[in-house]
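Asks: Here is my input, please return the structure:
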Amino acid sequence: MKQALQKSRIPSNKAFVARELIAPYFDNHWHFHQEYQLFLVLEGRGTRFIGDQMKPFREFDMVFTGPNLPHLWKNDAAYFEKDSQLKTHGIVVYFGADLLGAALKEKEELELIKNLFQRSLRGLEISGATNLKLRSKLKELVGKSGFESYLLLLEILKTIANSSDCQTITQAEYTNNNKESEKDRMRKVYEHVTENFQKKIQLQEVANLANMTESAFSRYFKSRMNKTFSEFLSDVRISHACKLLHEQDINISQVCYESGFNTLSNFNKQFKERMGVSPLVYRRDYQKTLE
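Replies: Below you'll find the model as predicted:
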């Protein structure tokens with residue numbers, strides 16, 4: 001089986017790590033960690049999960065996440081096929097809360113970066129002109145070392161902090177209530193849903209994965225995700241439907257059934273509730289952005 005590249009820890013003698021990732025697929029395990037993370041997708045498509053949000057990703061998706069914010073970039077099923085020739089390419093930067101030491105809290109000159117780090121706790125999606133500017137900066141960062149690399153990272157963070165192209169990702173009320181010891185439990189649920197959402201999934205199935213009763217699992221899941229399991233499953237299906245509407249010229253009925261919905265009326269209703277428009281209008285509006 002093909003292995004995804006895994007994140008390496010920051011060496012004790014380094015302020016940060018900047019790595020270029022080239023692999024058959026991105027790390028497909030839901031996880032969280034203590035480091036801040038800046039991630040740029042250069043090649044690869046799928047669905048990303050950050051906190052309580054899920055959204056299709058593609059080339060040039062760029063996200064900055066703070067410590068302990070759960071995340072997963074799950075590539076499309078085609079990337080995991082035995083004879084797949086697809087690959088992923090990205091740049092990731094990790095650094096700890098000690099990047100600027102005690103000065104971050106004490107010095108007014110660093111207030112801008114302090115505020116950025118606070119905003120990153122909800123995750124920031126970086127788009128527009130800022131995204132375009134930072135692509136080359138991140139490629140440059142991977143090739144630098146020593147003090148020059150440190151200065152370049154600070155320049156990148158300053159650019160993000162001053163940008164109006166950054167959208168917060170999670171809902172304001174979202175907090176990560178998952179414990180380190182529960183990572184495997186929630187990871188199993190994510191993996192089961194992302195691999196089987198096109199089929200019917202019973203609550204009992206996922207409760208068994210978590211070794212809980214249905215009622216206990218329902219309470220547990222809602223306390224961790226700020227939504228019910230059925231809402232989460234619907235979000236996964238709607239996210240997949242959005243990808244199909246972006247990327248494939250198929251009719252709405254096909255989008256409906258390939259996304260795991262049983263009836264077209266239910267699909268249209270849930271899609272409009274979440275996206276604010278019908279699937280047809282959503283596709284039309286998306287295509288206008290490409291013109």
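
Asks: which element is the residue nearest to Ile10 when sequence neighbours are not counted on?
Replies: Distances taken as C-beta to C-beta, 6 or more residues apart in numbering place Val17 nearest to Ile10, at 5.1 Å, with adjacent residues excluded. C-beta: built from backbone N, CA, C; applies to glycine. If you go by DSSP states H and E, Val17 is part of strand 16-23.

Asks: Could you list the buried residues of that strand?
Replies: Within strand 16-23, the residues scored as buried using 16 or more other C-beta atoms under 10 Å are 16-18, 20-21, 23.

Asks: And for the residue nearest to Glu247 when sequence neighbours are not counted, the neighbour number?
Replies: Among residues not flanking Glu247 along the chain, Arg45 sits closest, at 7.8 Å (C-beta to C-beta, 6+ apart). Burial of Arg45 is recorded as 20 neighbouring residues (other C-beta atoms under 10 Å).

Asks: show me the contacts for Arg45.
Replies: Each residue near Arg45 by C-beta atoms under 8 Å, 6 or more residues apart in numbering is listed here: 56-59, 75-76, 243, 247.

Asks: out of these, which one sits closest to Pro67?
Replies: Nearest to Pro67 among the contacts of Arg45: Phe57, at 21.4 Å, using C-beta to C-beta.

Asks: what's in contact with stretch 85-99?
Replies: So stretch 85-99 is contacted by 7, 10, 15-26, 34-44, 67, 75, 78-79, 104, 117, 138-139, 141-142, 153, 156 (C-beta under 8 Å, 6+ apart).

Asks: All the helices of the protein, in order from the start?
Replies: Along the chain, the segments classed as helices by DSSP state H run 103-106, 111-119, 128-143, 146-162, 183-196, 203-209, 214-225, 229-247, 252-258, 264-275, 279-290.

Asks: With mean neighbour count and mean pLDDT as extra columns, can I get the ones you listed in CSV?
Replies: Output for those, formatted as CSV (neighbours: other C-beta atoms under 10 Å; pLDDT from 0 to 100):
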stretch, mean neighbour count, mean pLDDT
helix 103-106, 11, 86
helix 111-119, 15, 96
helix 128-143, 15, 97
helix 146-162, 15, 97
helix 183-196, 17, 90
helix 203-209, 16, 95
helix 214-225, 16, 93
helix 229-247, 20, 93
helix 252-258, 16, 96
helix 264-275, 16, 95
helix 279-290, 13, 87
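
Asks: Let me know which of the ones you listed is the nearest to Asn176.
Replies: Among these, helix 214-225 comes nearest to Asn176, with 7.9 Å by C-beta to C-beta.

Asks: what packs against the closest one?
Replies: helix 203-209, helix 229-247 (3 or more C-beta pairs under 8 Å, 6 or more residues apart in numbering; DSSP states H and E).

Asks: rerun at 10 Å
Replies: Packed against helix 214-225 by the contact rule (3 or more C-beta pairs under 10 Å, 6 or more residues apart in numbering; DSSP states H and E) you find helix 183-196, helix 203-209, helix 229-247.

Asks: On the strand side of things, show who the nearest residue to Gly44 once chain neighbours are set aside bridges to.
Replies: Distances taken as C-beta to C-beta, 6+ apart put Thr88 closest to Gly44, at 3.5 Å, once the chain neighbours are dropped. Per DSSP bridges, the residues bridged to Thr88 are Ala23.
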